[in-house]
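# Have a look at this fold, sequence not included:
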Ligand code: HEM
Ligand SMILES: [Cu+2]
């Protein structure tokens, strides 16, 4: 019976009674959904900082036209590792973590349906991250062993792969580097973890809802996570199988993706059948968070709740019918190609529905510019740019010109760095008092918000222009004429990076020293009738805490 940290508004060091063991042992053995949620969130934040460091290293190289800073191989390894880390180890776990912490609370359940599977799913992630990013770790290990006289060559043979996150064959099949196999196995493992978490979320929402939680008053965040988990169930097994087929091609002489077998195009079909739904797996929870948080700071209810739910479900279904828009330039049958164009354009409609609903919620509302709201509105802004540029890419003639240029990189970063990361930041501020029992520094939060919006536009608008002028992506060097725009972009990335450091300082320092929250209604939600279930839960936690103190 010792004190616990971060147990839903409980603070460390205040000496509350708890059933849980203290310290490291607690975190290693926990099956409590809140603890697992915190573990996921911490893991995702760590991975984001690692992937963000890669991004800064990429932008450092691109600051000048030549390859002056890193070698071309290192550059290729950097964007590959950056993509893997951000998609599989930052964005996915960040939302799974929030889901673990909040879904049971939001639906009035005691815990997730399968608490132990929940813990296993989380603990698969650290080893899979190490497998995927092994090259660097093994090199350090090898050097340490060599220093004490043991030289193990294998450790030095694991070069960071240069495949890109899409792992296109034949390149990925032919690379001799054994680290590629470890990456494939690591990704497979992370896929298993993701599927286990998804099943848990689905079963929890179906079977553990409290008596008064019906489908029609299920909160919007749980709705989006339910849809996301459904997509995961169909998308990730395809990735898993394709990864194993590639492992077999590389090691056991099969020819799934060799020219005399299924061919490289088979890889692209299988990969994007997973890959396109994956982007919705990441963006739907972000939409859910924006839909949940935005109304609280607009002083009125979410406009068109039902339509937001329907459009979420529509996106979930349609996301499986668009994968070949990544393959317009591979020379497939034109009739087939146009049907993929039609579905890709159609999926813009439910996305636009959401945007209009958000704007209608803000319209005439009493908007308060707290940090979470700045990130929500900023996310809508970047989503509009990311979405509109996506509609262009979905049109075959435009795509044929812009395919694999910086335009694409600019387009999808407006989504991944804009909406997805902004929603994660919004949630980190919105729920910070509930998670830690303390308040963050609001001024620093707002500064971080404005810096991030400016940073994203400075970093990624130039990429769209650079792409229009035809510069291909994934090159470490480029013609001199692109220098000014590339430098603006690197400057924007630096601003985003400074914002992230401000966020990190704020989170850590406020967790340790921020003012203690005594009133659960931190955001004045009672006024507008939006004191929702998780805050009511927090209120009872606070009451129990004061009971202990007396
Ligand atoms: C400050 C923030 C970021 C910056 C400056 C940045 C920069 C870049 C750049 C310059 C590239 C293109 C490399 C090339 O094609 O030559 C890239 C690729 C990529 N980025 Fe980011 N990025 C950032 C954040 C993110 C986030 C948050 C995510 C996902 C959640 C992400 C996902 C990706 C992916 C998937 C790729 C493609 C990798 C590949 O081509 O294999 N990035 N990033
Ligand atoms: Cu797509």
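Good, I have the coordinates. Just so we're clear, the structure is a prediction, and the values are computed from it rather than from any experiment. Ligands and ions are numbered 1, 2, ... in the order given.
# in what helix or strand does the residue nearest to residue 432 when sequence neighbours are not counted lie?
The shortest distance from residue 432 to any non-neighbouring residue, by C-beta to C-beta, 6 or more residues apart in numbering, is to residue 440 (5.1 Å). C-betas here are computed from N, CA, C, even on glycine. Residue 440 is part of no helix or strand, with elements assigned from DSSP states H and E.
# OK, contacts around residue 440?
Residue 440 is in contact with 371, 429, 432-433, 506-507, 510, 514, counting by C-beta atoms under 8 Å, 6 or more residues apart in numbering.
# quick one: contacts for residue 504?
Residue 504 makes contacts with residue 49, as judged by C-beta under 8 Å, 6+ apart.
# How about the one 10 residues further on?
Contacts for residue 514 (C-beta under 8 Å, 6+ apart) come out as 436, 438-441.
# try 6 Å
438-440 (C-beta atoms under 6 Å, 6 or more residues apart in numbering).
# residues contacting the residue lying closest to it once chain neighbours are set aside?
Distances taken as C-beta to C-beta, 6+ apart place residue 438 nearest to residue 514, at 3.6 Å, with adjacent residues excluded. Going by C-beta under 6 Å, 6+ apart, residue 438 touches 510, 514, 516.
# how about the helices in the stretch 451-550 of the chain?
Ranges of helices within the stretch 451-550 of the chain are 483-513, 533-549, based on DSSP state H, counting those that start in this stretch.
# Give the buried residues for the first one.
Buried residues in helix 483-513, defined by neighbour count with 16 or more other C-beta atoms under 10 Å: 485-486, 488-490, 492-497, 499-500, 502-503, 506-507, 510-511.
# out of those residues, which touch ligand 1?
Near ligand 1, judged by C-beta under 6 Å from any ligand atom, the entries from the buried residues of helix 483-513 are 493, 496.
# of all the contacts of residue 514, which comes closest to ligand 1?
Distance to ligand 1 across the contacts of residue 514 (C-beta to the nearest ligand atom) is lowest for residue 440, with 21.4 Å.
# Please report the distance of that closest one from residue 239.
According to C-beta to C-beta, to the nearest Å, residue 440 and residue 239 sit 37 Å apart.
# picking up where we left off before, now for the helices of the stretch 451-550 of the chain, which one comes closest to residue 248?
helix 483-513 (38.8 Å; C-beta to C-beta).
# and the closest one, average pLDDT?
Average pLDDT, helix 483-513: 97.
# next one: it to chain centre, how far?
Offset of helix 483-513 from its chain centre (C-alpha atoms, centre = their mean, to the nearest Å): 18 Å.
# who are the neighbours in contact with the residue lying closest to residue 361 once chain neighbours are set aside?
Closest residue to residue 361 apart from its sequence neighbours, by C-beta to C-beta, 6+ apart: residue 303 at 4.4 Å. Residue 303 is in contact with 357, 360-361, counting by C-beta under 6 Å, 6+ apart.
# Helices of the stretch 301-450 of the chain, start to end?
Counting by DSSP H, counting those that start in this stretch, the helices of the stretch 301-450 of the chain are 305-318, 334-346, 348-362, 371-394, 396-402, 406-413, 421-430, 432-436, 442-468.
# Just name the most buried of these.
Mean neighbours per residue, mean count of other C-beta atoms under 10 Å, is largest over the helices of the stretch 301-450 of the chain for helix 421-430, with a mean of 26.
# Report whether it contacts ligand 1.
Yes: Helix 421-430 is in contact with ligand 1 by C-beta under 6 Å from any ligand atom, via residue 421.
# Give the rounded mean pLDDT of stretch 143-152.
The average pLDDT for stretch 143-152 rounds to 84.
# Next, the distance between the ends of it.
Taking C-alpha to C-alpha, to the nearest Å, stretch 143-152 runs 9 Å from one end to the other.
# Then stretch 151-163?
Stretch 151-163 stretches 28 Å from its first residue to its last (C-alpha to C-alpha).
# Just give me how far that stretch sits from the chain centre.
That offset, for stretch 151-163, works out to 28 Å (C-alpha atoms, centre = their mean).
# Buried residues of that stretch, list them for me.
Using 16+ other C-beta under 10 Å as the test for burial, stretch 151-163 gives 155, 158-163.
# taking these one by one, which sit in strands?
Assignment to strands by DSSP state E places none of those there.
# Reformat these as TSV; add distance to ligand 1 and pLDDT.
Below are the buried residues of stretch 151-163 laid out as TSV (distance: C-beta to the nearest ligand atom, whole Å; pLDDT from 0 to 100):
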residue	distance to ligand 1	pLDDT
155	25	78
158	19	84
159	16	85
160	13	88
161	10	90
162	10	91
163	8	93
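# taking the residues you listed one by one, which sit in helices?
In this view, the buried residues of stretch 151-163 that belong to helices under DSSP state H are residue 155.
# Report pLDDT for the nearest residue to residue 368 once chain neighbours are set aside.
Leaving aside its chain neighbours, residue 368 sits nearest to residue 297 (4.8 Å; criterion: C-beta to C-beta, 6+ apart). With respect to pLDDT, residue 297 has a value of 97.
# so how many other residues sit close to residue 297?
Other residues near residue 297 come to 26 when the count uses other C-beta atoms under 10 Å.
# what about it, distance to residue 525?
Counting by C-beta to C-beta, the gap from residue 297 to residue 525 is 9 Å.
# ok, and the residue of the stretch 251-400 of the chain found nearest ligand 1, which helix or strand is that part of?
Using C-beta to the nearest ligand atom, the closest approach of the stretch 251-400 of the chain to ligand 1 is made by residue 282 at 6.7 Å. Using DSSP H and E, residue 282 maps to helix 264-293.
# Can you name every helix or strand that that helix contacts?
Contact partners of helix 264-293 among helices and strands, from 3 or more C-beta pairs under 6 Å, 6 or more residues apart in numbering; DSSP states H and E: helix 220-251, helix 371-394, helix 421-430.
# now with 10 Å?
Applying 3 or more C-beta pairs under 10 Å, 6 or more residues apart in numbering; DSSP states H and E, we find helix 264-293 packed against helix 92-106, helix 171-174, helix 179-207, helix 220-251, helix 305-318, helix 348-362, helix 371-394, helix 421-430.
# pLDDT averaged over the fourth one - what is it?
It stands for helix 220-251. 97.
# now swap in the last one and tell me
For helix 421-430, the mean per-residue pLDDT is 98.
# Check the shortest one too.
Helix 171-174 shows a mean pLDDT of 92.
# Report all helices and strands that that helix contacts.
Against helix 171-174 (3+ C-beta pairs under 10 Å, 6+ apart) you get helix 179-207, helix 220-251, helix 264-293.
# how about TSV for those, with mean neighbour count added?
Below are the helices and strands packed on helix 171-174 laid out as TSV (neighbours: other C-beta atoms under 10 Å):
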stretch	mean neighbour count
helix 179-207	21
helix 220-251	21
helix 264-293	23
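# Of all those helices, which one comes closest to residue 52?
That would be, of these and by C-beta to C-beta, helix 264-293, which comes in at 16.2 Å.
# Give me every residue in the chain lying close to ligand 1.
With the criterion set to C-beta under 6 Å from any ligand atom, the chain comes near ligand 1 through 55, 58-59, 79-80, 82-83, 86-87, 90-91, 164-165, 409, 413, 416-417, 420-421, 459, 473-474, 493, 496.
# Just the buried subset of those, please.
For the residues of the chain next to ligand 1, a neighbour count by 16+ other C-beta under 10 Å gives the buried set as 55, 58-59, 79-80, 82-83, 86-87, 90-91, 164-165, 409, 413, 416-417, 420-421, 459, 473, 493, 496.
# how about the nearest residue to residue 385, chain neighbours excluded?
Leaving aside its chain neighbours, residue 385 sits nearest to residue 414 (4.7 Å; criterion: C-beta to C-beta, 6+ apart).
# count of neighbours near the one you found?
Neighbour number of residue 414 under other C-beta under 10 Å is 26.
# Distance from the chain centre to stretch 288-299, please.
19 Å.
# Where does the stretch 301-450 of the chain get nearest to ligand 1, which residue?
residue 416 (3.6 Å).
# quick one: pLDDT of that residue?
On the pLDDT scale, residue 416 gets 97.
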